[in-house]
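The sequence isn't on hand, but the structure is:
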């Protein structure tokens, strides 16, 4: 496991505290440190008030950030007593600062709903920036997270899945839980390889070829992680629907940021947004070269 710390976005919301709890448990498993981070955006010109205030608007925002970080620290220590925890309060925009700080982190963890700079996280600039430009894996936590269940990973049978597979296998091995590798396919995703009319398509044959491709792609990973209980699922379905169904009861869903077929442009497209909005477990988005 990496020694680099886990970076958690903190903004005072209950969603952020869920992320802190998840990250604290992960830091305990990894034997690493937890870094609680709050980005405080101070407007260049403070709002006009007709009376004299004991502190400036910027100072008030910073004080609020310190309170949120203190609350997050208490939550982390309660969740995983004894883990190394530090706080970082910065002035600036959340997206820009988190992308920069992700270069020295092993993992960035965010809540699915937030306040202030994290408002509208799932469809806003923060999540898009981190998914597209982050230098390490990003996990978005939705509400209370299950303590049991498998890890689920989306596989598109290309090298683009390798970073997600590396993260998923490593996570499953570290947690001692099963891994479910899911490959989805549809008539549209097989159009290039099967250039015939839909009524002429032998779906049984296509499914066999897709399943064989999944098994072949996972061979090296089975050898690298022999202790991980692996289940392969080749599903004729859209990626979002197939992955959401497979992730029911799971403790983590892992997807790559780019791929072919249904996973193409996953970070910025409808697939990733749907998974982040509707997933019932934390979702990890892994860019190539940033797996662990």
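Structure received. Computed from a predicted model, the values in this text were never measured in an experiment. Residues are numbered from 1 along each chain as shown.

which stretches of the stretch 1-150 of the chain form helices?
Listed in chain order, the helices of the stretch 1-150 of the chain (DSSP state H, counting those that start in this stretch) span 14-30, 57-79, 94-101, 125-133.

looking at these, which is closest to residue 220?
helix 14-30 (23.8 Å; Cβ to Cβ). No exception for glycine: its C-beta is placed from N, CA and C like everyone else's.

Which neighbouring elements make contact with the closest one?
The elements that helix 14-30 packs onto, with contact taken as 3 or more Cβ pairs under 8 Å, 6 or more residues apart in numbering; DSSP states H and E, are strand 6-9, strand 34-40, helix 57-79, strand 107-111, strand 138-141, helix 162-175.

Swap in 6 Å and give it another go.
strand 6-9, strand 34-40, helix 57-79, strand 107-111, strand 138-141 (3 or more Cβ pairs under 6 Å, 6 or more residues apart in numbering; DSSP states H and E).

Same list (the ones you listed) but as TSV, adding mean neighbour count and distance to residue 255.
Formatted as TSV, the helices and strands packed on helix 14-30 follow (neighbours: other Cβ atoms under 10 Å; distance: least, Cβ to Cβ, whole Å):
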stretch	mean neighbour count	distance to residue 255
strand 6-9	28	19
strand 34-40	25	24
helix 57-79	17	26
strand 107-111	26	15
strand 138-141	26	11
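
Redo the ones you listed as JSON lines? Include distance to residue 164 and mean pLDDT.
As requested, those are arranged in JSON lines below (distance: least, Cβ to Cβ, whole Å; pLDDT from 0 to 100):
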{"stretch": "strand 6-9", "distance to residue 164": "18", "mean pLDDT": "96"}
{"stretch": "strand 34-40", "distance to residue 164": "24", "mean pLDDT": "95"}
{"stretch": "helix 57-79", "distance to residue 164": "26", "mean pLDDT": "92"}
{"stretch": "strand 107-111", "distance to residue 164": "14", "mean pLDDT": "92"}
{"stretch": "strand 138-141", "distance to residue 164": "12", "mean pLDDT": "91"}
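
coming back round to it: want to throw the helices of the stretch 1-150 of the chain into CSV with distance to residue 239?
Converted to CSV, those look like this (distance: least, Cβ to Cβ, whole Å):
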stretch, distance to residue 239
helix 14-30, 24
helix 57-79, 33
helix 94-101, 26
helix 125-133, 16
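
Ok, which of these comes nearest residue 145?
helix 14-30 (5.4 Å).

Could you figure out how far that closest one is turned away from helix 162-175?
Between the axes of helix 14-30 and helix 162-175, defined by axes from the mean of the first three to the mean of the last three Cα atoms, to 10 degrees, the angle is 70 degrees.

roughly how far out does helix 14-30 sit from the chain middle?
Per Cα atoms, centre = their mean, to the nearest Å, the displacement of helix 14-30 from the mean C-alpha position of its chain is 13 Å.

Next, count neighbours for residue 16.
Residue 16: 29 surrounding residues under other Cβ atoms under 10 Å.

Please read the previous query as pertaining to residue 208.
Neighbours of residue 208 under the rule other Cβ under 10 Å: 12.

Could you say which helix or strand holds it?
Per DSSP states H and E, residue 208 falls inside helix 203-224.

and the angle for the helix or strand following that helix with helix 162-175?
Moving toward the C-terminus from helix 203-224, the next helix or strand (DSSP H and E) is strand 230-236. Counting by the same axes, to 10 degrees, strand 230-236 lies at 140 degrees to helix 162-175.

so what secondary structure elements neighbour whichever helix or strand comes after strand 230-236?
Using DSSP H and E, the helix or strand that follows strand 230-236 towards the C-terminus is helix 239-246. On a contact count with 3+ Cβ pairs under 6 Å, 6+ apart, helix 239-246 meets strand 179-185, helix 270-278.

so what strands line up beside the next helix or strand after helix 239-246?
Counting by DSSP H and E, the next helix or strand C-terminal to helix 239-246 is strand 252-256. Strand 252-256 pairs in its sheet with strand 151-154 (parallel), strand 283-286 (parallel), by DSSP bridges.
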